[in-house]
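J.: any chance you can model this:
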Amino acid sequence: MTSVAAVAFAGGVLVPSRDRTDLDGAVREIYDVHYARLAGWTARLVGDPDLAHDLATEAFLKLYREFSRVDDPRPWLYAVTANLVRDHWRKRGREATAYQRHEAGRQDFTADPDTATTLTVREAVQALPDRLRVVVMLHYFADLPVATVARQLDKAEGTVKRDLFDARQRMAQMLGESR
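T.: All right, here's what the predicted structure looks like:
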């Protein structure tokens, strides 16, 4: 029988402290190997190193809670972080829309800015629909192979390839490149 002192609370489940030590060590080892690169990848996406570290840390907290259900931590971490970045972009988009509405009430906006001089690749990726954006982020930004992206998103490889093709087409059109 396990005593109360030998039981710890980890990820919402009571586990013997011996297992918690193993869990702490396993997650710490994964953290040591992948955190810096994950935070750097996230910083390129959000453009803010402090926010990137927060999002990467949140992904590792989720890994700690879900560790027993995760088969391959690296792609899982990138998929979770991509979802956190997507949520950040959505929130930022809603805020920008609200600010624009507020400013439009104060000024008359008559000229649209030239998208060729103002649109960046990051903004083009942000403008993609969710189903395309996450695939692009995982494949091109996290450098995960198509098979791994498909497995993480629970999609067929052919579907991921088609999503990547569609995303490239849309971004080329948005950025004004002709193919």
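J.: roughly how far apart are Thr97 and Arg170?
T.: Distance, Thr97 to Arg170, using C-beta to C-beta, to the nearest Å: 20 Å. Every C-beta, even on glycine, is put in place using the N, C-alpha and C of the backbone.
J.: which one's more surrounded, the two?
T.: Using other C-beta atoms under 10 Å as the criterion, Thr97 and Arg170 rank with Arg170 on top: 17 against 10.
J.: run a quick neighbour tally on the closest residue to that one other than its chain neighbours.
T.: Using C-beta to C-beta, 6 or more residues apart in numbering and skipping residues adjacent in sequence, the residue nearest Arg170 is Leu128, 6.2 Å away. As a burial measure, Leu128 scores 19 neighbours (other C-beta under 10 Å).
J.: same thing with Arg168?
T.: 15.
J.: from Pro145, how far off is it?
T.: 17 Å.
J.: ok, now Asp50?
T.: Separation of Asp50 from Pro145 (C-beta to C-beta): 30 Å.
J.: settle it for me: which of the two has more neighbours?
T.: Between Asp50 and Pro145, Pro145 has the larger neighbour count (other C-beta under 10 Å), namely 13 against 9.
J.: got the contact list for that one?
T.: Applying C-beta atoms under 8 Å, 6 or more residues apart in numbering, one finds that Pro145 lies in contact with His139.
J.: next, the buried residues of stretch 148-158.
T.: 148-153, 155 (16 or more other C-beta atoms under 10 Å).
J.: tell me where the chain has helices.
T.: Under the criterion DSSP state H, the chain contains helices at 17-46, 49-66, 73-106, 115-118, 121-127, 130-136, 146-153, 157-175.
J.: perfect, that will be all.
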